[in-house]
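Enquirer: predicted structure and sequence below. I'll ask about it afterward.
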Amino acid sequence: MCGRFTLTMDLSELQELFPWIDFGVDHHPRYNIAPSQSILAIPNTGDNKAQLFRWGLIPHWAKDPSIGNKMINARGETVSEKPSFKNAYKKKRCLIPADGFYEWKKEGTGKTPYLIRLKSNQPFMLAGLWEKWEPPDEEPIYSCTIITTEANELLKSIHPRMPVILEPSSYDLWLDNATQITVQLDGLLVPFNDQEMETFPVSKVVNNPRNDSDECVKPAAAS
């Protein structure tokens, strides 16, 4: 599962690192991104333009947008089969920029939050799906979900699942809207190299999604 993540760089830094993406949207550093909030994503619409999506996929056939509250993640092993995701998997994929994510580890009688990120502390792209939900006589809602896979060796002791972090060499295929053969995509939904990642416990201030400051990402001993 991936229920919280970070994107702590500002737009100018993101634009420099990903010059092929048009980041012409409103964004400020985020330290505790939670479901139902607006997040940055780059959909496979052919223009490499970042847009704001609600985190929690609302299938185009849904009768009520509240279904999105249960659709923040899609399991990579079944994403091509589940009615809520299979159409988007073929036709509506997106990249979701992040530079860290949180998981909670059971320790004693409670849970300790851990931040997971690349050792380089650089941003990466999560594999996502998006949808456009059009209610009668209202503005459409653009929403997305994050695909997960089994945890790598680094994270197994914390949580059995992790978000799919795509290799840069996979971006073009993931965003190619002509690609609808899922067997070509399935091979991308694998655990990221644990040798390139690090994790450490952080302050429990991150437990409250209303807290969105750099206190969330500081090692627990320094909080």
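Expert: Okay, I see it.
Enquirer: could I get the buried residue list for the helix or strand of the chain with the lowest mean pLDDT?
Expert: In the chain, the helix or strand scored least confidently by mean pLDDT, DSSP states H and E is helix 182-186, which has a mean of 88. For helix 182-186, a neighbour-count test (16 or more other CB atoms under 10 Å) marks Leu185 as buried. No exception for glycine: its C-beta is placed from N, CA and C like everyone else's.
Enquirer: how about stretch 133-148?
Expert: Buried residues in stretch 133-148, counting neighbours by 16+ other CB under 10 Å, are found at 133, 141-148.
Enquirer: and stretch 205-218, what's its mean pLDDT?
Expert: For stretch 205-218, mean pLDDT is 96.
Enquirer: ignore the last one, stretch 15-35
Expert: 95.
Enquirer: what residue lies at the spatial centre of this protein?
Expert: Central residue of the chain (CA atoms, centre = their mean): Ile146, 4.4 Å from the mean position.
Enquirer: strands of this protein, start to end?
Expert: 5-7, 30-33, 38-43, 51-55, 73-75, 93-98, 100-107, 110-118, 124-133, 141-150, 161-163, 165-166, 197-201 (DSSP state E).
Enquirer: in CSV: those strands, plus distance to Asn177.
Expert: Formatted as CSV, these follow (distance: least, CB to CB, whole Å):
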stretch, distance to Asn177
strand 5-7, 24
strand 30-33, 26
strand 38-43, 9
strand 51-55, 15
strand 73-75, 18
strand 93-98, 8
strand 100-107, 27
strand 110-118, 28
strand 124-133, 12
strand 141-150, 15
strand 161-163, 22
strand 165-166, 16
strand 197-201, 30
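Enquirer: for Ala221, find the nearest of those strands.
Expert: strand 197-201 (8.2 Å; CB to CB).
Enquirer: can you list the strands that that closest one pairs with?
Expert: strand 110-118 (antiparallel) (DSSP bridges).
Enquirer: from the buried residues of stretch 133-148, which is closest to Arg4?
Expert: Ile146 (10.8 Å).
Enquirer: wait, the closest one touches Arg75, no?
Expert: No: counting by CB atoms under 8 Å, Ile146 stays clear of Arg75, with 10.8 Å between them.
Enquirer: which regions of this protein lie under the pLDDT threshold?
Expert: For the chain, the stretches with pLDDT under 70 are 222-223.
Enquirer: tell me the residue furthest from the middle of it?
Expert: The chain, farthest from centre, CA atoms, centre = their mean: Asp137 at 30.1 Å.
Enquirer: backbone dihedrals for it, please?
Expert: Backbone geometry at Asp137, expressed as degrees, to the nearest 10, gives phi 60, psi 20.
Enquirer: number of nearby residues for the closest residue to Leu188 other than its chain neighbours?
Expert: Of all residues not flanking Leu188 in the chain, Ser170 sits nearest, at 5.0 Å (CB to CB, 6 or more residues apart in numbering). Ser170 has 17 neighbours, counted by other CB atoms under 10 Å.
Enquirer: quick one, what contacts Trp104?
Expert: Each residue near Trp104 by CB atoms under 8 Å, 6 or more residues apart in numbering is listed here: 111-114, 158-159.
Enquirer: what's the closest of these to Asp26?
Expert: Asp26 lies nearest to Pro113 out of the contacts of Trp104, by CB to CB, at 27.5 Å.
Enquirer: and Asn208, what does it touch?
Expert: Contacts of Asn208 (CB under 8 Å, 6+ apart): none.
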